[in-house]
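Enquirer: Here is my input; please provide its structure:
(chains A and B)
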Number of protein chains: 2
Amino acid sequence: MIYNDLVNILKDTDRIISTENINRDYFTDGLKRIYGEADVLVFPVNTEEVSCVLKYAYKSNIKVTPRGSGTGLVGGTVPTERGIILDLSKMNKIINLDKSTFTVEVESGVVLNQLQQYVENEGLFYPPDPGEKTATIGGNISTNAGGMRAVKYGVTRDYVRKLEVVLANGTILNLGGDTIKNSSGLDLKDLFIGSEGTLGVITKAFLKVIPKPKKSISAIIAFDALELGIESVNRIINENINATAIEFMEKKVIENTERYLNLKFPCSSGNSYLLLTFDGETDSEIELNSNKAKEVSAKSGAVDFILLKDKEEINNTWQIRGALVKAVEVISEEEPVDIVVPIDKIVEFIDFTKILEEKYKIQVVSFGHAGDGNIHLCVVRNGIEESLWREKSHKLLKELYCKCYELNGVTSGEHGIGISKKEYFLRNTSNKNIEYMREIKKVFDDKFILNNNKVYIQ
Amino acid sequence: MIYNDLVNILKDTDRIISTENINRDYFTDGLKRIYGEADVLVFPVNTEEVSCVLKYAYKSNIKVTPRGSGTGLVGGTVPTERGIILDLSKMNKIINLDKSTFTVEVESGVVLNQLQQYVENEGLFYPPDPGEKTATIGGNISTNAGGMRAVKYGVTRDYVRKLEVVLANGTILNLGGDTIKNSSGLDLKDLFIGSEGTLGVITKAFLKVIPKPKKSISAIIAFDALELGIESVNRIINENINATAIEFMEKKVIENTERYLNLKFPCSSGNSYLLLTFDGETDSEIELNSNKAKEVSAKSGAVDFILLKDKEEINNTWQIRGALVKAVEVISEEEPVDIVVPIDKIVEFIDFTKILEEKYKIQVVSFGHAGDGNIHLCVVRNGIEESLWREKSHKLLKELYCKCYELNGVTSGEHGIGISKKEYFLRNTSNKNIEYMREIKKVFDDKFILNNNKVYIQ
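Expert: As a prediction, the model looks like this:
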């Protein structure tokens, strides 16, 4: 019935798939842990179609789950109450690049890779760089995706000038503006960024780009212990060295990934590493910064400093960094965590994970963005029997998130809350704040049509 | 009666002033153009007192107008429906500077000057730099104040990690977090930034600071015509020169200010000027950037490039830039405008102001932030008879704002909307957006207690 109605509305059958023909991948997300079901999968090709589908769904009280590439890790694209899956991936045009205002206008189904390459070919640069390059820009905006370059350049939120969104009732809104500054009325745009599809469907984005830095280098700094490395991060930031990325990782995680990729990490001394990049306009500028990083990290007891000069070595190293999670995944089921804590609490938090490892006899692999306190943890199953694993990992996670909030951290730095982190998010967030989020939900979607059951929604 | 109630609630008489004893300055703002009236003026000293006053006002349906230093320029602090003026200026403590997380915690009545000096004494730097240094941080956040350094460093919004706000019904909320990244639920914090006191009273802010750049230089670039200067701004941005400030101004505005201050602008060639600053860690870094600016501006036909080296010369030049408005004010009543347009539309917009000058025979003085399209205009009365001035300047402004939106600009880049720009803002903003702003107002202040009649409120 919904199928027939949508065929009538969109005058098309190719882009409307009925429940029995929907590939199961559309019922889940990138983690393939939680599955839902839906009546119809639709691929709109423009904003008007999105609006028509939503108007219909709103009128008929049918739930709608929007999705991009479905690469999320928290169940945000799982259809929990059947209805319509609204897949934006066919709205993937880069509409306009305006070099005089440094703005690129894209449909929300444009994939990150596609955007980054497009603007780089034009001598420009879109700094946000989450690991998953096949995610859509709409998805990136919906989770306020971060990534490794956030230390210097900020996160997705910092690059969204304007959004076109469609509300649950089909209303099309344009939020934000073409200008750099704006102090004209309530900031509705930022409300939609990071809202995980609960307030509206993002159909178009006007993103800020910057001139592409001409030079870039990477460096590895080795320490005997994590706390020395983290201490050195504070010194590095304090010196205004302006690193693009400051990642931390420990030896055992690297070794596991070396085996998985059959690649060699270029540094064998020490137990704990910082991996940094510097970018800029001239060799002398970035060398000056990397020299300063070497100098100040020595004060924190660095045992090695390796400037990566060889292209292959740089690629291998970043490939290893990029595959840390995947290398864990292939050996065992894991629960990804992307807690953020204030940068001076990283060591205390990692130490606590080691206490939990002992207590629950469950391996916790940690690494992440030292420059902004965003820690990626994997709680690894390692052959534990299913029901025991569920029970134990759940208890461990409860303690982990509780500690995170004790240290003034928050549940997620870039993945979002979705379904899988909702329990921990709600448990640790003030009820008053949750209540106001729910009231705002009602302003934009009073029938709870869009992405119901997720994030803050009861 | 309100007076007696508040005396009972706060158990104090010194900080509660009844209507007949209120200095008239509290009925207006920095522009002293629009005046209101109020029953009581209260100076709370902590968040609990703010909450108590608001609980009482909410219960008794009494309107409340919050204010900081009252330096605003759009009537945002004018009490339009009597009631209570809530003056936050006694909540002026810098509570904590955390050097390990680069965060400073302040009460909202702290004045910008005070904050900037405090963190600079500690080797740190709070980049937002609006012209009015006696404004409070609460006021800066309420208008999302910008300033000259926004080109490189962004605006107030970019430096607010966390806010404590008190809602109309007395509820205290903590919004945002101590972490650098956050993707955990709806972004309520950004909704309050720039909301001009319509959603809640800001009582505390946790602000990001950065290490203080060690070096800074300024340069003047002279052009025969404004359009050449603006063309050169695009080249400068394109070269990743990373200027801290890029201001533009025209000869006649400078001459007026030279007379007013009895100071000499160090450049006499050309008719139109860019004033730039560069900051960084080393002399060689900033010299490299200023040399590049010299090179690329030559391509746009710059007729002079003066690197300001002498301290007095630098001070004089920035004093002139800082006093451009004041110099106009002393000779005539003026209507300040802080329209923003996309940076490639600056010339077209300024040209249009010249058409309006001709058409209405009213002087329009313009200058502003070329690096972000934020144009400061003064429409100058110059002895025109009162009622004619009202009529003509109103017509002129209507056309001016209409043009601004035609060029994809917005009403205000940093001053806010308040009362005086409400007409132009509402006329040019989509009704749907305004409607959703009003619905959000109801979520946080269903009785319309706080700062009523301003910005988007009917």
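Enquirer: The helix or strand containing residue A:139 near chain B anywhere?
Expert: Under the criterion of DSSP states H and E, residue A:139 resides in helix A:137-142. No: judged by Cβ under 8 Å from any Cβ of the partner chain, helix A:137-142 makes no contact with chain B; its nearest approach is 9.5 Å. C-betas here are computed from N, CA, C, even on glycine.
Enquirer: Check which helices and strands that helix sits against.
Expert: helix A:112-121, strand A:201-208 (3 or more Cβ pairs under 8 Å, 6 or more residues apart in numbering or on different chains; DSSP states H and E).
Enquirer: Pull out the buried residues from that helix.
Expert: A:137-142 (16 or more other Cβ atoms under 10 Å in any protein chain shown).
Enquirer: Repeat that for stretch A:38-56.
Expert: Residues A:38-45, A:47, A:49-56 are the ones in stretch A:38-56 that count as buried (16+ other Cβ under 10 Å).
Enquirer: next one: stretch A:119-136
Expert: For stretch A:119-136, the buried set under the neighbour-count rule, 16+ other Cβ under 10 Å, comprises A:119, A:124-133, A:135-136.
Enquirer: Redo the helices and strands packed on helix A:137-142 as TSV? Include distance to chain B and mean pLDDT.
Expert: Converted to TSV, the helices and strands packed on helix A:137-142 look like this (distance: least, Cβ to the nearest Cβ, whole Å; pLDDT from 0 to 100):
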stretch	distance to chain B	mean pLDDT
helix A:112-121	13	98
strand A:201-208	10	98
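Enquirer: Just name the most buried of the ones you listed.
Expert: Sort those by mean neighbour count, taking mean count of other Cβ atoms under 10 Å in any protein chain shown, and strand A:201-208 sits at the top with a mean of 24.
Enquirer: same for the helix or strand bottoming out on mean pLDDT in chain A, what does it pack against?
Expert: In chain A, the helix or strand scored least confidently by mean pLDDT, DSSP states H and E is helix A:324-331, which has a mean of 83. Applying 3+ Cβ pairs under 8 Å, 6+ apart, one finds that helix A:324-331 contacts helix A:251-261, strand A:334-337, strand A:363-369, strand A:374-380.
Enquirer: now what about the first one, what contacts it?
Expert: The one in question is helix A:251-261. Outside helix A:251-261, the residues within contact range by Cβ atoms under 8 Å, 6 or more residues apart in numbering or on different chains are A:263-265, A:270-273, A:319-320, A:323-324, A:326-328, A:330-331, A:365-367.
Enquirer: could you flag which of those residues are buried?
Expert: Among the contacts of helix A:251-261, those that count as buried by neighbour count (16+ other Cβ under 10 Å) are A:263, A:265, A:270-273, A:320, A:323-324, A:327-328, A:365-367.
Enquirer: Return the residues of the stretch 1-150 of chain A in contact with chain B.
Expert: Within the stretch 1-150 of chain A, the positions adjacent to chain B are A:98-103, A:143-146, A:150 by Cβ under 8 Å from any Cβ.
Enquirer: meant to ask about the stretch 301-450 of chain A
Expert: Going by Cβ under 8 Å from any Cβ, the residues of the stretch 301-450 of chain A near chain B are A:340-344, A:369, A:372-374, A:408-417, A:425, A:429-430, A:432-434, A:436-437, A:439-441, A:443-444.
Enquirer: Now go through those and say which are in helices.
Expert: Applying DSSP state H to those, the entries found in helices are A:425, A:432-434, A:436-437, A:439-441, A:443-444.
Enquirer: Contacts for stretch A:375-390 next, please.
Expert: With contacts defined as Cβ under 8 Å, 6+ apart, stretch A:375-390 is touched by A:324-325, A:328-329, A:331-341, A:346, A:349-350, A:353, A:362-369, A:392-393, A:396-397, A:400.
Enquirer: how much does the helix or strand harbouring residue A:347 deviate in direction from strand A:363-369?
Expert: Counting by DSSP H and E, the element that carries residue A:347 is helix A:346-360. Inter-element angle recorded for helix A:346-360 and strand A:363-369: 170 degrees (by axes from the mean of the first three to the mean of the last three Cα atoms, to 10 degrees).
Enquirer: buried sites along helix A:346-360?
Expert: A:346-347, A:349-350, A:352-353, A:356-357, A:360.
Enquirer: what do you get for stretch A:28-38?
Expert: A:28-31, A:33-34, A:36-38.
Enquirer: Could you tell me which of those residues belong to helices?
Expert: Per DSSP H, helices hold no members of the buried residues of stretch A:28-38.
Enquirer: would a markdown table of the residues you listed with pLDDT be doable?
Expert: Putting these into a markdown table (pLDDT from 0 to 100) gives the following:
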| residue | pLDDT |
| --- | --- |
| A:28 | 98 |
| A:29 | 96 |
| A:30 | 93 |
| A:31 | 89 |
| A:33 | 90 |
| A:34 | 95 |
| A:36 | 98 |
| A:37 | 98 |
| A:38 | 98 |
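Enquirer: among these, which are in strands?
Expert: Among those, DSSP state E puts none in strands.
Enquirer: got the buried residues of helix A:346-360 as a markdown table, with pLDDT columns?
Expert: As requested, the buried residues of helix A:346-360 are exported to a markdown table (pLDDT from 0 to 100):
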| residue | pLDDT |
| --- | --- |
| A:346 | 94 |
| A:347 | 92 |
| A:349 | 96 |
| A:350 | 94 |
| A:352 | 97 |
| A:353 | 95 |
| A:356 | 97 |
| A:357 | 94 |
| A:360 | 96 |
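Enquirer: Report pLDDT for residue A:378.
Expert: As predicted, residue A:378 sits at a pLDDT of 88.
Enquirer: typo on my end, it should be residue A:251
Expert: Reported pLDDT for residue A:251: 93.
Enquirer: roughly how far is stretch A:303-313 from the heart of the chain?
Expert: Between the centre of stretch A:303-313 and the centre of its chain there are 28 Å (Cα atoms, centre = their mean, to the nearest Å).
Enquirer: what helices or strands is the host helix or strand of residue A:219 leaning on?
Expert: When elements are assigned from DSSP H and E, residue A:219 belongs to strand A:215-223. Judged by 3+ Cβ pairs under 8 Å, 6+ apart, strand A:215-223 is in contact with helix A:226-238, strand A:272-280, helix A:283-299, strand A:304-308, helix A:311-322.
Enquirer: in it, what's buried?
Expert: Buried residues in strand A:215-223 (16+ other Cβ under 10 Å): A:217-223.
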